[in-house]
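>>> here are the coordinates; sequence isn't available:
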C-alpha cells in the first residue's frame, strides 16, 4: 500500500536559526496525479519543496521515493531520483538556444569531447513534438521566446532527464489566460504519462480546474488532505487561514468627488499607444487587461518613471508632465511597483527604513532623523496593515511575501499622496494579507484619495473598484461601471471578444 | 547561545582586530609603545579619511578608483598655494574645492551618463594623476617653513593633531550614517536603487553627492599626508584606492552596495595599518610584506563570511 506513493515526505522538521519553519509535516503524492499544495505565505510550502529538491536538508524526517527511504542531501541527489522543480524564476541561459538549454548539463556524450549538434537538435525536436510544441524551434534563442514557451523549455529540460516527480511553484503567475490553458493541457499530458505533479498556487480557481488532490498547510504544519471534489472553495480558504473569513472584500462606501487626474491620448514607447481616462477623488479605479496590454507602462509614464511621448495629463486642473518620480511624488502621486523585489522593497534594510523613506519630513528635522519618531511612525502604519513582524529593526528579507508587500505598501499610506497607483498590490500574497490590503485601499479612498489599481485578478477588480478601465494592446478599449461589472464582460473587453 | 552567536557575528571585525593587536604585542616589543602607536596614527590618518569617502561611494553600490590620484592632486595643490604665499585657511579651502570638483566630475559621469563607476573613476584616476604631475612639473614641492608642517608635527595634549582631525571626520561620518536622511538614503540606494527612485527620491543627486564627498575626503587626505613631510608630491597615494576598498570590505561592506559601517571601516584601515607596522618593526622586506598583507585580507574576509 505504501509503495502506491511515488514520493512521500514523513514528519519533516526544519528550523532556521531557531525559528521553526516546518513542525513535522507529512506529504505524499501518487504517480499520475496532480497534487496541489496550498497555504498562506509563510505556511512552509516552499521550504518543504526545497527539501524535496535538495536545496535544503531537513533537520528530521524521512523521504521515500517509490517506497524506498532515500537521503537527499543535494540538488544532484534529488535530480538523480527523478525529482524536478520548476521555480517561478526560470533557470535558463537566455542567450543559448532551446536545444542547448534542454541538454545544458549533458551537451556531450560520455568520453566524447565534441558536441554532436545534429543529435542534440534531433533529441530536442523529438521532445518538443511529443508535447505538441512543434512551433518552438530547437535553434531559437531562449530570450526570444515568450515567457510561456520558456516555461515549456523548462519542462522539456525536466522531461529529458526522465522526470518522475515534477514540482511547479506558482507556474501560472507569469502567464496570460490562453497560456495557462496551454500549460494545463501539457500538465494533464504529463499526468497521463504517470508523472507525479506537485502544484503550488494561490489561485484557487486553477486548483479546482486542474488538480486531483489538495494538501493544506498552515504555520509549518499539515492541516488536511482532500480529494478535490470533496471540498469547496470556501472551506478550503477557511482551512488555509485557520479562521472563518467573514468578508474577503470590504464594504465599499464610495463618496466620489471631482476629477483629480485626467489622461488624454497618452503615448509612451511601443506599449502605450492611445490611453485616455479620468479618476476622481474618493474613487477606486481599476485597470484591467491581459499581461502586456500596457497598463504598467501607462502608469510608469504618468508617474515620470518612463518618458511620456505624447498626450496630456491634467492633475488638479493643471497640465503636468512629470519628468521623474521625484516631481510626481512632490505633487502628491504615489506609485507601488508590481515587482516587489526589484522595485518595491529594500530587502536588506530594516522595516522601519523601508516605511519612512517617503515620509522623512515627519520624522526628521534639517535632515537629522529622530529614531524615536521614526520607529513609532513606522509602527503606527504597519499596525493599520496588521503586518506581522517582531521588531521594526528587522530586515525585510526576514518577512514572508505577504508581510513584505505590506511594508512596501506602507510607505505610501501616510506620504500625503492625493493619487495612489497600486500595480498588482496583492500579487503572490495570501488570503489573509489580501483582506488587510483591500481594507486599507478602501480606507484611502474614503479619506478622499484617488486610488488606481492595476490588477490581473478579475475577482479583485470587480469587488473593490468603483469603475474599471480596460486596456488592450496599448489602448484603452472600454470602461465598465460598478453596476455593470462582471468577470465575463471585462474579460471579453480585454481579449477583444464582442459578446 | 543564539544571542552569543549573533553578537559574535556582529562584532567579528572587532574581534579580528583585537586578535591582531595581541599578535603584534607578542611579536614585537616595540609595537605597544606610545611612540609607535602615535606614529601609526599620524601615518594612517589620511587613509582613514579617504576610506570614509570610499565607504559612502561603496554603500551606493559604486566604486571610486580615483582617490589615490586626487590625494596627490590635493598635496600638490596645497603646497603650491602655500608656496605662492596664500594664507593657510585660503589654501585649505581652495584645495578642498579642487577635490570637490574632481569628485563632482566622476559623480556626474556616473549618475547622469550612466557610465559604470569603475570606468568613470578610472578615467578620473588617470586624469588627476596626470594633472598632479603637470601642475607640479613632476617634482616634489617644498612648503614654506612653519606653515603646514606645523600641522603634521603638532599635537593636542599627547594626541597628534592629524589623529584628532581623522577622529572628527570619522565622528561626522558616523553621525551622518546613523542619524541623517542623507546617510540612510545612501545605503538605501545601494540596497535597491529602483525602489528608492520610485519612492520619489532624487537618486542621481545623492550619487553625485557621494563622489563629491569622496573628492573632498581625498583633498583632506592629501593635505594631511603633505603635512607630515611638509612636501607636496605628485607620486603619493598610488594604491591608496585599493587600501581604501580593502578597508571597507574588511569592515564588512558589500561591493554590491547597501551594506557597510563607518566604525568597522576604521577598524579595517587599522587592521591594514597594524600588519604593515608590525612587519616593518620586524624588518620584513617590502615585497614579502605585500604577500602577507594580501593573505591577511583574504583571511579577514573569509572569517566574516564563516561567522555569518
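Yes, it's here. Quantities reported herein were computed from a predicted structural model and do not represent experimental measurements. Numbering: from 1, shown residues only, chains lettered A, B, ... in the order given.

>>> show me where the stretch 101-250 of chain A has helices.
Ranges of helices within the stretch 101-250 of chain A are A:117-130, A:147-159, A:177-192, A:204-210, A:233-241, based on DSSP state H, counting those that start in this stretch.

>>> deepest-packed of the ones you listed, please.
Comparing those by mean neighbour count (mean count of other CB atoms under 10 Å in any protein chain shown), helix A:147-159 ranks first with a mean of 21. For every residue, glycine as well, the C-beta is placed using N, CA and C.

>>> please enumerate residues in contact with it?
Contact with helix A:147-159 is made by A:84, A:86, A:90-92, A:98, A:101-102, A:104, A:124, A:127-128, A:131, A:133, A:136, A:142, A:145, A:166, A:171, A:174-176, A:179, A:182-183, A:186, A:190, as judged by CB atoms under 8 Å, 6 or more residues apart in numbering or on different chains.

>>> how about residue A:307, nearest residue that isn't a chain neighbour?
With CB to CB, 6 or more residues apart in numbering or on different chains as the criterion, residue A:307 has its nearest non-adjacent residue at 6.5 Å, and that residue is residue A:268.

>>> residue contacts, the one you found?
The contact partners of residue A:268, by CB under 8 Å, 6+ apart, come to A:297-298, A:300-301, A:306-310.

>>> per-residue pLDDT, it?
Note on residue A:268: pLDDT of 93.

>>> same check, this time on residue A:168
Residue A:168 is assigned a predicted lDDT (pLDDT) of 92.

>>> quick check: bridge partners of it?
Residues in a beta bridge with residue A:168, per DSSP bridges, are residue A:86, residue A:199.

>>> now residue A:34
As for beta bridges, residue A:34 partners with residue A:197 under DSSP bridges.

>>> the helices of the stretch 101-250 of chain A: which one's closest to residue A:378?
Closest to residue A:378 of the helices of the stretch 101-250 of chain A, according to CB to CB: helix A:233-241, at 26.0 Å.

>>> what packs against that closest one?
Identification of packing neighbours for helix A:233-241 by 3 or more CB pairs under 8 Å, 6 or more residues apart in numbering or on different chains; DSSP states H and E yields helix A:204-210, strand A:213-218, strand A:221-227, helix A:431-446.

>>> turn those into a markdown table, including mean pLDDT.
Output for the helices and strands packed on helix A:233-241, formatted as a markdown table (pLDDT from 0 to 100):
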| stretch | mean pLDDT |
| --- | --- |
| helix A:204-210 | 88 |
| strand A:213-218 | 92 |
| strand A:221-227 | 92 |
| helix A:431-446 | 90 |
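
>>> which among the ones you listed is found nearest to chain B?
helix A:431-446 (17.4 Å; CB to the nearest CB).

>>> without its sequence neighbours, what residue ends up closest to the closest residue to chain B within the stretch 251-400 of chain A?
When scored by CB to the nearest CB, the stretch 251-400 of chain A has residue A:329 as its residue closest to chain B, at 2.6 Å. Once flanking residues are discounted, residue A:329 sits nearest to residue B:200: 2.6 Å by CB to CB, 6+ apart.

>>> before we move on, the earlier item: what subset of the contacts of helix A:147-159 is buried?
A:84, A:86, A:90, A:92, A:98, A:101-102, A:124, A:127-128, A:131, A:133, A:136, A:142, A:145, A:166, A:171, A:174-176, A:179, A:182-183, A:186, A:190 (16 or more other CB atoms under 10 Å in any protein chain shown).

>>> residue contacts, residue A:479?
A:277, A:467-470.

>>> please read the previous query as pertaining to residue A:402.
Residue A:402 makes contacts with A:40-42, A:429-430, A:432-433, as judged by CB under 8 Å, 6+ apart.

>>> what distance do you get for it to chain B?
18 Å (CB to the nearest CB, to the nearest Å).

>>> and stretch A:343-361, what's buried?
Buried residues in stretch A:343-361, counted by 16+ other CB under 10 Å: A:343-360.
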